[in-house]
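Participant: Got a sequence here, can you build the structure:
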Amino acid sequence: MKAYQYRFEKVLMYREQEKTETEIEYKEAVQAFEIVATQLYDLLKKKEDTLVEQEGKMEIGFSVNEIHHYVRFLESLEKRIAVTQQQVMQARSKMTWFEDKLLERTLEVRKFEKMKEKDHENHRTEMEQLEAIQLDELATLKFRRRENGW
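Facilitator: A predicted model of the protein is given here:
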(Lines give C-alpha, C1' and ligand atoms only; values in the text may rest on other atoms or scores of the structure.)
Protein backbone atom coordinates (compact mmCIF):
# COMPACT_ATOMS: atom_id res chain seq x y z
CA MET A 1 0.00 0.00 0.00
CA LYS A 2 1.20 3.46 -0.79
CA ALA A 3 1.42 6.07 1.96
CA TYR A 4 -1.08 8.89 1.93
CA GLN A 5 0.20 12.13 0.41
CA TYR A 6 -2.13 15.14 0.19
CA ARG A 7 -1.63 16.78 -3.17
CA PHE A 8 -2.28 20.32 -1.85
CA GLU A 9 -0.08 19.99 1.25
CA LYS A 10 2.22 22.84 0.21
CA VAL A 11 -0.75 25.10 -0.52
CA LEU A 12 -2.24 24.25 2.87
CA MET A 13 1.06 25.03 4.59
CA TYR A 14 1.30 28.33 2.71
CA ARG A 15 -2.27 29.28 3.71
CA GLU A 16 -1.56 28.39 7.34
CA GLN A 17 1.55 30.57 7.24
CA GLU A 18 -0.49 33.46 5.80
CA LYS A 19 -3.06 32.96 8.55
CA THR A 20 -0.38 33.00 11.24
CA GLU A 21 1.14 36.20 9.84
CA THR A 22 -2.30 37.82 9.70
CA GLU A 23 -2.96 36.78 13.32
CA ILE A 24 0.25 38.52 14.36
CA GLU A 25 -0.66 41.66 12.40
CA TYR A 26 -4.16 41.62 13.91
CA LYS A 27 -2.78 41.37 17.44
CA GLU A 28 -0.44 44.28 16.72
CA ALA A 29 -3.37 46.32 15.38
CA VAL A 30 -5.39 45.53 18.52
CA GLN A 31 -2.50 46.64 20.72
CA ALA A 32 -2.09 49.86 18.73
CA PHE A 33 -5.83 50.53 19.05
CA GLU A 34 -5.72 49.91 22.80
CA ILE A 35 -2.82 52.32 23.23
CA VAL A 36 -4.49 55.13 21.27
CA ALA A 37 -7.87 54.50 22.91
CA THR A 38 -6.21 54.70 26.34
CA GLN A 39 -4.59 57.98 25.36
CA LEU A 40 -7.99 59.33 24.32
CA TYR A 41 -9.53 58.18 27.58
CA ASP A 42 -6.73 59.86 29.56
CA LEU A 43 -7.22 63.12 27.64
CA LEU A 44 -10.98 63.07 28.16
CA LYS A 45 -10.47 62.34 31.85
CA LYS A 46 -7.98 65.19 32.11
CA LYS A 47 -10.48 67.54 30.44
CA GLU A 48 -13.23 66.45 32.82
CA ASP A 49 -10.99 66.91 35.86
CA THR A 50 -9.90 70.33 34.62
CA LEU A 51 -13.51 71.44 34.14
CA VAL A 52 -14.41 70.25 37.65
CA GLU A 53 -11.40 72.09 39.05
CA GLN A 54 -12.31 75.21 37.11
CA GLU A 55 -15.90 75.13 38.43
CA GLY A 56 -14.56 74.80 41.97
CA LYS A 57 -12.29 77.79 41.52
CA MET A 58 -15.14 79.80 39.97
CA GLU A 59 -17.12 79.42 43.18
CA ILE A 60 -14.16 80.62 45.23
CA GLY A 61 -13.06 83.19 42.67
CA PHE A 62 -9.81 83.44 40.76
CA SER A 63 -7.95 85.92 38.58
CA VAL A 64 -8.49 86.73 34.93
CA ASN A 65 -5.02 85.39 34.13
CA GLU A 66 -5.99 82.03 35.62
CA ILE A 67 -9.20 82.05 33.53
CA HIS A 68 -7.17 82.71 30.36
CA HIS A 69 -4.75 79.99 31.36
CA TYR A 70 -7.61 77.47 31.81
CA VAL A 71 -9.22 78.51 28.50
CA ARG A 72 -5.94 78.08 26.57
CA PHE A 73 -5.29 74.77 28.32
CA LEU A 74 -8.80 73.50 27.46
CA GLU A 75 -8.43 74.64 23.83
CA SER A 76 -5.12 72.80 23.61
CA LEU A 77 -6.71 69.76 25.19
CA GLU A 78 -9.62 69.90 22.72
CA LYS A 79 -7.20 69.93 19.77
CA ARG A 80 -5.28 66.96 21.18
CA ILE A 81 -8.56 65.14 21.78
CA ALA A 82 -9.67 65.77 18.16
CA VAL A 83 -6.35 64.47 16.81
CA THR A 84 -6.45 61.44 19.10
CA GLN A 85 -10.05 60.70 18.08
CA GLN A 86 -8.90 60.59 14.45
CA GLN A 87 -6.09 58.24 15.45
CA VAL A 88 -8.56 56.02 17.31
CA MET A 89 -10.82 55.86 14.25
CA GLN A 90 -7.87 54.97 12.02
CA ALA A 91 -6.63 52.34 14.48
CA ARG A 92 -10.14 50.85 14.77
CA SER A 93 -10.46 50.77 10.99
CA LYS A 94 -7.07 49.04 10.65
CA MET A 95 -7.98 46.57 13.38
CA THR A 96 -11.30 45.77 11.68
CA TRP A 97 -9.55 45.30 8.33
CA PHE A 98 -7.11 42.82 9.84
CA GLU A 99 -9.95 41.06 11.64
CA ASP A 100 -11.77 40.60 8.33
CA LYS A 101 -8.56 39.43 6.67
CA LEU A 102 -7.95 36.96 9.49
CA LEU A 103 -11.48 35.59 9.16
CA GLU A 104 -10.98 35.20 5.41
CA ARG A 105 -7.66 33.41 5.86
CA THR A 106 -9.10 31.16 8.57
CA LEU A 107 -11.93 30.13 6.27
CA GLU A 108 -9.45 29.35 3.47
CA VAL A 109 -7.39 27.15 5.79
CA ARG A 110 -10.54 25.36 6.96
CA LYS A 111 -11.56 24.70 3.36
CA PHE A 112 -8.20 23.13 2.60
CA GLU A 113 -8.28 21.12 5.81
CA LYS A 114 -11.77 19.87 4.96
CA MET A 115 -10.58 18.94 1.46
CA LYS A 116 -7.63 17.11 3.03
CA GLU A 117 -9.96 15.17 5.33
CA LYS A 118 -12.18 14.15 2.42
CA ASP A 119 -9.18 13.24 0.28
CA HIS A 120 -7.69 11.19 3.11
CA GLU A 121 -11.02 9.39 3.60
CA ASN A 122 -11.20 8.66 -0.15
CA HIS A 123 -7.63 7.36 -0.06
CA ARG A 124 -8.42 5.10 2.90
CA THR A 125 -11.55 3.77 1.16
CA GLU A 126 -9.59 3.16 -2.04
CA MET A 127 -6.84 1.33 -0.14
CA GLU A 128 -9.44 -0.84 1.61
CA GLN A 129 -10.99 -1.71 -1.74
CA LEU A 130 -7.59 -2.57 -3.21
CA GLU A 131 -6.83 -4.72 -0.17
CA ALA A 132 -10.17 -6.51 -0.55
CA ILE A 133 -9.45 -7.15 -4.24
CA GLN A 134 -6.00 -8.51 -3.40
CA LEU A 135 -7.44 -10.78 -0.71
CA ASP A 136 -10.07 -12.05 -3.19
CA GLU A 137 -7.34 -12.77 -5.74
CA LEU A 138 -5.28 -14.63 -3.13
CA ALA A 139 -8.28 -16.64 -2.04
CA THR A 140 -9.08 -17.49 -5.67
CA LEU A 141 -5.48 -18.56 -6.34
CA LYS A 142 -5.45 -20.68 -3.20
CA PHE A 143 -8.75 -22.28 -4.20
CA ARG A 144 -7.47 -23.06 -7.72
CA ARG A 145 -4.31 -24.59 -6.31
CA ARG A 146 -6.37 -26.91 -4.14
CA GLU A 147 -8.65 -27.85 -7.05
CA ASN A 148 -5.70 -28.48 -9.36
CA GLY A 149 -3.96 -30.48 -6.65
CA TRP A 150 -0.95 -28.30 -6.28
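Participant: how about the helices in this protein?
Facilitator: Listed in chain order, the helices of the chain (DSSP state H) span 9-60, 64-148.
Participant: Now tabulate those helices in TSV and tack on mean neighbour count and distance to residue 2.
Facilitator: C-beta here means a position set from N, CA and C on the backbone, and glycine is covered the same way. Listed next are the helices of the chain as TSV, based on neighbours: other CB atoms under 10 Å; distance: least, CB to CB, whole Å:
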stretch	mean neighbour count	distance to residue 2
helix 9-60	14	15
helix 64-148	13	8
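Participant: Go through these and name the closest to residue 3.
Facilitator: Of all the helices of the chain, helix 64-148 sits nearest to residue 3, with 9.5 Å by CB to CB.
Participant: which other helices and strands contact that closest one?
Facilitator: helix 9-60 (3 or more CB pairs under 8 Å, 6 or more residues apart in numbering; DSSP states H and E).
Participant: and the angle from the helix it packs on to helix 64-148?
Facilitator: Calculated by axes from the mean of the first three to the mean of the last three CA atoms, to 10 degrees, helix 9-60 forms an angle of 160 degrees with helix 64-148.
Participant: wait, residue 106 sits on residue 19?
Facilitator: Yes. Counting by CB atoms under 8 Å, residue 106 touches residue 19, with 6.0 Å between them.
Participant: Next, the residues that contact stretch 87-101 from outside, please.
Facilitator: With contact meaning CB atoms under 8 Å, 6 or more residues apart in numbering, stretch 87-101 is reached by 22, 25, 26, 29, 30, 32, 33, 36, 37, 39, 40.
Participant: can you tell me how far the closest residue to residue 26 other than its chain neighbours sits from residue 116?
Facilitator: Nearest residue to residue 26 in three dimensions, chain neighbours excluded: residue 98, at 4.0 Å (CB to CB, 6 or more residues apart in numbering). Distance of residue 98 to residue 116, computed by CB to CB, to the nearest Å: 26 Å.
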